[in-house]
Structure formats: C-alpha cells, structure tokens
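Colleague: Kindly generate the corresponding structure for this input.
(chains A and B)
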Amino acid sequence: MRILVTLKVVPDLDLLRDKKWTIKNNLPVETAYVKKAINTYDESALELALKMADQRKAINLETELFALTIGEAYADLFLKKLLALGFNKTYRVNSELDLRFNPEAVAAIITSFIGECGPFDLIIMGMQSSDGDNAKTALLTAEELAWPCITGVTGFYSDRSDQVAVENISDQGLVQQTIRTSCILAVGNAPSSLLRVPTLKAIKKAAEKYINILTLEELKDKPEDLLLQSNTRIQELETVDNSRESIIIDGASAEEKAHFLYNNYLKGWMSSK
Amino acid sequence: MKCKVMINACSPAFLSKAEEAATFLQTHRSIVDSSEETEEAVVFYADENIKEKITSGLPFRVIRLVKIKHYQPELVLDILAELEKNSPADIYLFPGDFSGNELAVRFAWRLKGSSLVAVEKIEANEGKLSGIKKVYSGNLRGSFLFRTKPYCFSLAKGMNRLDLAVPEDQKTVSSHDYSAKPYDSPLIEYQETPPFQEEEVRLEKANFIIAVGRGTGSSEEISRLKDIARDLGAELGVSRPVVMNAWASMDRLLGASGSVASPEICLALAVSGSPPFYYGIEKSNKIIAVNHDDDAPIIKAADLVIIEDYKKVIKALLEIIREEKDK
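Modeller: Next up is the predicted model:
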C-alpha cells in the first residue's frame, strides 16, 4: 500500500504568546524569528500513518510511506526526521510563494504532484494549518481528484490495499466506516498521536538519505498562475483583542485567596444551584 | 442577495445549528436582502421520525426537505448540486460543524464559486462581499473578499442564537426523496455511535465550567479534577494537549476544534490561554484564572486572577466547602 502524507512546516505560534504581532503592509506576518514546527494536525497525520505501517508490518504486509511538503528549505530538517522515522521517500516542492491563504493553489500543486509521483492508495492530510486556518486543502484536493474525503479522522487501519477502515468524529457522533481506496483522510483531533522521536542510530542513517526537491516548473498539469487560484482574497489582518479587566486577587496565602474567591464569587453561585 | 441555508438534520444538534444560521441572517439583514419570507432552508435528513421536529422547530419560513439514505458528503454534494443547478442562490450559508465546513468548500468548488470556513461576520461593499474570520490560530482576524458567486461559507463555532421561532402556519414545506438514489458509494461498511453527544451538549450548556490545561500534568490529576468539578456542580473542560495525551476524552475538549462554552463562570486552572483554547471559553460571563505564571496570556484575558499554584487553591477551596457543609 502506498500512502502519501502531506505536511506543512509552520511557526510555532505558542512561542508568540502575547508578543506583539507585526503585520506588514502587504499582509505577511513577521514570524521569521519564531522556531518552526510541523503543523499539529499534520503531525497527527504522520504518526497515524506510521502506526498503521507498524501494524501492517506485524502481519507481514508492506507499506510505502511518502511525505510531501511545499515551501522553503527550512522544511528539510523535518523531512530528514521523517526519513529517520521510516518514511521511504520525502519530497519538497520548492516554493517561495505566499500560499498561506491560497488553499486552492496548494491543492492544485498536490494534485499535480500526485500525477507526477503517484499513484497513491491513501492521502493523509491534517485538517487545517495553524497559520492560514483555511481548513480547505484536503477538501479541494478531493474535488480535484474526484476522490472521497473523510474529515475529523482519529484513526485508520487497513490489512489490504483496496480498502481502509476509518474512525472519525462527525456531527452524527463517532463513525466507523470502511471505504474503498483511493481516498483522502483529513486528520482532526486524534488522541495519542504526538509524533514519535527517532533513535540516534536512525538519525545517523537518515543523514545519508536524500530529500527529493522538485520545482514548481517541473510539475505538469497545474494552473499557469497559482496565485490567482484562490477564490477568496485576503484584504486585511488585525490582531484579536481578548483583554478583560484582569483584577488580581491578592492575599498572604493560597488559603486567603481561595476564601476571597469562594465568598465573593463561588458561594453565591453554589447556593443558588 | 438571495441566500439559502443548508442544514444537516442527520446531526442531533441540527436545531441549534439552524438557530445560529437564522440569527446570523437576522444580524446581516442589510446585506442578505431577501426577506424572511423568501429565505429558504434546504434540510437533508435520513430518519423519517424527525421530519416533524424539522418542520416545527426550524426557524425558517420556506423549508425544502431532502430525504437521503444517510449522511455521506459525496452523495449529499451530488444531490445538492442537482437541486441547485437551475436556481442557484447568491449565498449558501452552512452551519459551523463538520458537515457545514466540508460541504461549503466542496459545493463552492462544484459550482465554481468561492468558499470560506468559520466565518464570524460578512460585510458588503459596492456589491462585493467579504467574510471575516479568525486566522493564525485565533491570534489574528482576517477579512477575505469573495471573488466569484455563489458565495459559500460556514459559520464559526458557537455563534449567537436568538429565539426566532416561526409559527407553523407561516411555513411552506416541500419534500424530495433521494433515499433510493442510485449511487456508486465508496463505502463498504458504515456505523454511527453517538456516545459523546450528551456530554458535548452539557459542556456547551453548562453554567459553571472548570477549564484545565496541560499544566495539570497527568491523567490521574485530570481524573481527580473531574471528581472535584462534579462536587462543585461544574463541568470539566480541557485543552487540546490534554486530549492529545489521552488524559481526557474528546468530548471534554474546549476550543476552536472542540466545544464553545458560554457559562456564567469559567474557572481556568493552569491554562496558558493560547487563542485556540481561549476560543472555547471566550463567551464566558466571568473568567477566573488561577495560574502560577503571571506572564501567561490568560492573565490579561481573565476578569479575575489568582497568581498561585492551582493545586493549593483547589485544596483550600475544597476545605472551605467542606467546612461550609458541616456548619
């Protein structure tokens, strides 16, 4: 079974906690100085793919894992890590385009990549990224390929190549379904899916492996002007102000503060219940 | 602009989602210039037993019922595209849930329109429509211009709801039955279990929430806090890292990817206040943060703050409550 997992390397926004956000005139947000990380939903997608490969290996079934990202060279560090974790091949489509709010272009690039380097039985994607927050790429790729797409995925398994059993959270509740491949799985809040850490030995071995770098020009059958693909255009960005009164409850001890909290806020609430 | 609302009545929460959509239209009446009389809700459902609940409870005057076998996005998209090809609206409004998000994007693609997910409000300028939504994990808000019609968008989670009930005798209901539509389904097996629904609704309707974050440190501690919350008459809600570590079940997740609560009091313990989590508690009337880190973002985003190890405060609180009970 050939599985493609897509990932995006994003600024770790947790590290920007309450710092001043700098938005430039033409709308880029200054995050160059912030440490990068794999987008959290993509991290889950990668770990779930590794888990399935492990399960299949235990019953002597082969799984080929491929990872794809679009972006600049700083993503290579993460692709090397994936090679150390057992991914067979990693690809980066080199691009300096601002695709944060252009999921249509991202889906077109992924579709074109699949045409070049596929076929794949399964495509696993995170449901949205932490910067663009578009939540559209997996859905648009499904439409481009005319494949089914399941969202809110929390787990999947397959012991054959023509179908996959998927667990996902939907509006109807928890769904367990078996679906024909090829299909796209958009991973949501999957418990216990933090990406594993490679061993030192695996890291050394992966250092000898290479990352496949493609240019946008090398990809065929993609739209001429990728930047015009987006059907919505970002016009303005502003910071969100969540500030409230922030009155500090003072006291000599935790007990004193707890008394104040109870007498002034919780007591009335609890007696009214 | 003519607007249609698309409701997934296979979801147990469809009535509250429909109310959010109706309230959104009410507050954007100057843009969505169709009158209440012509606003149409397209409702797809699978269970014949809820048909009456749909027609009596939905706050829309024109209701088009579409019966399907069960919710499967590709099947629903095929049906919607077939239904709408002859009289497309300018705007298709979808609720802010799983199906709303996926259908808005895919439906727009099929109709060569524009789509946005999790829209908080819309603005019109010289005949052009923009959608406002949060980006950068809730740290920023972006304004997006829709480029081509139809404009398809889903609402942000936890939007306001007004009581906009419509008397039944003012409703026009039409029905379509697609439950036997031949369809080359990719599905081989399908099973739904709605175990979390009851708890999720409780979290969203709770008046007192204890919200906890990664700083609580272990599944044992989360379990202890669950008991404490129950004793205090509160619901326990958790952040994404807590769920990702499997210390609590998904139904307790608060935030952009979980539930949005609007309690009277939210006691936030060891919560950093990152925007995706804050999204789940920002509608609280009063937020009381207990955190030993006076630099955590939650401090500025709370009404009341106790700079302290939350464990000491909880221990003292339980002692006080015990003493009160013994009086």
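
Colleague: drop to CA atoms for contacts and neighbour counts, all remaining ones
Modeller: Noted.

Colleague: got the contact list for the nearest residue in space to A:Val9 that is not next to it in sequence?
Modeller: Counting by C-alpha to C-alpha, 6 or more residues apart in numbering or on different chains, A:Val9 lies nearest to A:Ile38, which is 4.6 Å off, once chain neighbours are set aside. Contacts for A:Ile38 were tallied using C-alpha atoms under 8 Å, 6 or more residues apart in numbering or on different chains; they are A:7-10, A:78.

Colleague: for chain B, what helix or strand is lowest in average pLDDT?
Modeller: Here the helix or strand of chain B ranked lowest by mean pLDDT, DSSP states H and E is helix B:197-205, holding a mean of 61.

Colleague: how about the strands in the stretch 101-250 of chain A?
Modeller: A:122-126, A:149-157, A:163-170, A:173-180, A:183-187, A:212-215, A:232-239, A:247-248 (DSSP state E, counting those that start in this stretch).

Colleague: what's the closest of the ones you listed to B:Asp231?
Modeller: Closest approach to B:Asp231 among those is made by strand A:247-248 (26.0 Å; C-alpha to C-alpha).

Colleague: Now do the same for the following helix or strand past the closest one: mean pLDDT, whole number.
Modeller: Downstream of strand A:247-248, the next assigned helix or strand under DSSP states H and E is helix A:254-261. Mean pLDDT, helix A:254-261: 92.

Colleague: Then stretch B:103-123?
Modeller: On average, stretch B:103-123 scores 97.

Colleague: tell me which residues in it are buried?
Modeller: Buried residues in stretch B:103-123, counting neighbours by 16 or more other C-alpha atoms under 10 Å in any protein chain shown, are found at B:103-109, B:111, B:113-123.

Colleague: now stretch B:44-52
Modeller: For stretch B:44-52, by 16+ other C-alpha under 10 Å, it's B:44-46, B:51.

Colleague: Reformat those residues as CSV; add distance to A:Gly71.
Modeller: What follows is those, written out as CSV (distance: C-alpha to C-alpha, whole Å):
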residue, distance to A:Gly71
B:Phe44, 40
B:Tyr45, 42
B:Ala46, 43
B:Lys51, 49
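
Colleague: could the residues you listed be laid out in JSON lines, adding pLDDT, distance to B:Pro263 and secondary structure?
Modeller: Listed next are these as JSON lines, based on pLDDT from 0 to 100; distance: C-alpha to C-alpha, whole Å; DSSP: H, G, I helix; E, B strand; the rest coil:
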{"residue": "B:Phe44", "pLDDT": "95", "distance to B:Pro263": "31", "secondary structure": "strand"}
{"residue": "B:Tyr45", "pLDDT": "96", "distance to B:Pro263": "31", "secondary structure": "strand"}
{"residue": "B:Ala46", "pLDDT": "94", "distance to B:Pro263": "33", "secondary structure": "coil"}
{"residue": "B:Lys51", "pLDDT": "94", "distance to B:Pro263": "32", "secondary structure": "helix"}
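
Colleague: Tell me the confidence at B:Arg180?
Modeller: That one is not Arg; residue B:180 is Ala. With respect to pLDDT, B:Ala180 has a value of 89.

Colleague: how about the nearest residue to it, chain neighbours excluded?
Modeller: B:Lys69 (7.0 Å).

Colleague: The one you found belongs to a helix?
Modeller: No. Assignment of B:Lys69 by DSSP: H, G, I helix; E, B strand; the rest coil gives coil, placing it outside any helix.

Colleague: Chain A versus that one, what's the distance?
Modeller: Taking C-alpha to the nearest C-alpha, to the nearest Å as the measure, B:Lys69 falls 14 Å from chain A.

Colleague: burial count for that residue?
Modeller: A count of neighbours around B:Lys69, defined by other C-alpha atoms under 10 Å in any protein chain shown, yields 17.

Colleague: Next, the contact list for it, please.
Modeller: Applying C-alpha under 8 Å, 6+ apart, the residues near B:Lys69 are B:46, B:178-180.

Colleague: so which of those is the most crowded?
Modeller: That'd be B:Ala46 among the contacts of B:Lys69, by other C-alpha under 10 Å, with 20 neighbours.

Colleague: Surely it touches B:Asn8?
Modeller: No. Taking contacts as C-alpha atoms under 8 Å, B:Ala46 lies outside contact range of B:Asn8: 9.6 Å.

Colleague: What segments of the stretch 201-327 of chain B are helices?
Modeller: Under the criterion DSSP state H, counting those that start in this stretch, helices of the stretch 201-327 of chain B are mapped to B:219-231, B:240-244, B:275-278, B:297-300, B:310-326.

Colleague: Convert the third one to CSV, retaining C-alpha atoms only.
Modeller: The C-alpha atoms that make up helix B:275-278 are tabulated as CSV, following Å, rounded to 0.1, in the frame of the first residue of the first chain:
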residue,chain,number,x,y,z
PRO,B,275,-6.0,31.6,21.4
PRO,B,276,-7.3,28.2,20.1
PHE,B,277,-8.2,27.2,23.6
TYR,B,278,-9.5,30.6,24.6
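
Colleague: I'd like to check what contacts that helix. Which residues are they?
Modeller: Residues outside helix B:275-278 that contact it (C-alpha under 8 Å, 6+ apart): B:137-139, B:239-240, B:254-257.

Colleague: After the longest helix that chain A contains, heading C-terminal, what element do we hit next?
Modeller: Ranked by residue count under DSSP state H, the longest helix found in chain A is helix A:40-58. Later in the chain than helix A:40-58, the nearest helix or strand by DSSP H and E is strand A:64-71.

Colleague: Please name the strands paired to that following strand in the sheet, noting orientation.
Modeller: Here strand A:64-71 has these sheet partners by DSSP bridges: strand A:2-6 (parallel), strand A:89-94 (parallel).

Colleague: follow-up on the earlier one: please name whichever of the helices of the stretch 201-327 of chain B is nearest to A:Pro28.
Modeller: Closest approach to A:Pro28 among the helices of the stretch 201-327 of chain B (C-alpha to C-alpha): helix B:275-278, 19.5 Å.

Colleague: in stretch A:63-81, what counts as buried?
Modeller: Those would be A:63, A:65-71, A:75-76, A:78-81, for stretch A:63-81 by 16+ other C-alpha under 10 Å.

Colleague: same thing with stretch A:189-197?
Modeller: Quick answer for stretch A:189-197 (16+ other C-alpha under 10 Å): A:189-195.

Colleague: contacts with chain B among these, please.
Modeller: Residues of the buried residues of stretch A:189-197 in contact with chain B (C-alpha under 8 Å from any C-alpha of the partner chain): A:189-194.

Colleague: Using CSV, write out every CA atom in stretch A:11-27.
Modeller: Presented in CSV, the C-alpha positions along stretch A:11-27 are these (Å, rounded to 0.1, in the frame of the first residue of the first chain):
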residue,chain,number,x,y,z
PRO,A,11,5.9,29.0,13.0
ASP,A,12,5.2,27.6,16.5
LEU,A,13,2.6,30.2,17.5
ASP,A,14,2.7,29.1,21.1
LEU,A,15,6.1,30.8,21.3
LEU,A,16,4.5,34.1,20.2
ARG,A,17,2.3,34.0,23.3
ASP,A,18,1.1,37.6,23.9
LYS,A,19,4.1,39.0,22.0
LYS,A,20,3.5,41.9,19.6
TRP,A,21,2.3,40.8,16.2
THR,A,22,3.8,42.6,13.3
ILE,A,23,1.7,42.7,10.2
LYS,A,24,3.4,44.2,7.2
ASN,A,25,1.6,46.4,4.6
ASN,A,26,1.1,43.6,2.1
LEU,A,27,-0.1,41.3,4.9
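
Colleague: Show the average pLDDT along that stretch.
Modeller: Rounded mean pLDDT across stretch A:11-27 is 74.

Colleague: for that stretch, the distance to its chain's centre please.
Modeller: 19 Å (C-alpha atoms, centre = their mean, to the nearest Å).

Colleague: do you know which of the helices of the stretch 201-327 of chain B lies nearest A:Lys89?
Modeller: Smallest distance to A:Lys89 across the helices of the stretch 201-327 of chain B (C-alpha to C-alpha): 27.2 Å, for helix B:240-244.

Colleague: Mind giving me the packing neighbours of that closest one?
Modeller: Other elements packing on helix B:240-244 under the criterion 3 or more C-alpha pairs under 8 Å, 6 or more residues apart in numbering or on different chains; DSSP states H and E are absent; no helix or strand qualifies.
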